[in-house]
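Asks: Return atomic coordinates for the entry below.
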Amino acid sequence: MTVKVEYAPVRLTAAGNIRAAAGKLTSLIVNNPSGGALTVKLNDATSGTGSDVFEVSVPTLDCRILNFNPPLLFSTGIRCGTVGAGLIITGTFVD
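Replies: You can find the predicted model right below:
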């Protein structure tokens, strides 16, 4: 029997790590309360920006709720390396 451990959601408002180790991203909520379209890029890294794994743009005053099934795999870390000013990002992951 395999037990999957899901961790508490991580909230970011600037570049940072959803997880500073390898993992599988299961969901991402990107909220844009600002006055212009903004983009977030997810990188397989723990600092700076690494190889882009996923990118999403969110229009003005809108939200994107993304569920990944199967999860997105990250071998180094789950990092939001590029975050549009004002975005609120929440991600969930498993080992």
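Asks: In the protein, what helix or strand scores lowest on average pLDDT?
Replies: strand 78-83 (a mean of 88; mean pLDDT, DSSP states H and E).
Asks: if I look at residue 23, how far off is residue 60?
Replies: According to C-beta to C-beta, to the nearest Å, residue 23 stands 31 Å off from residue 60. The way it works is simple: take the backbone N, C-alpha and C, and place the C-beta from them, glycine included.
Asks: Identify the neighbouring strands of the longest strand along the chain in the sheet and state each direction.
Replies: In the chain, taking DSSP state E as the definition, the longest strand is strand 62-74. Partners of strand 62-74 in the sheet, by DSSP bridges, are strand 23-32 (antiparallel).
Asks: between the partner strand and strand 78-83, how big is the angle?
Replies: Calculated by axes from the mean of the first three to the mean of the last three C-alpha atoms, to 10 degrees, strand 23-32 forms an angle of 30 degrees with strand 78-83.
Asks: Residues contacting strand 23-32, please?
Replies: With contact meaning C-beta atoms under 8 Å, 6 or more residues apart in numbering, strand 23-32 is reached by 6, 18, 38, 40, 42, 54, 56, 58-74, 77-78, 84, 86-95.
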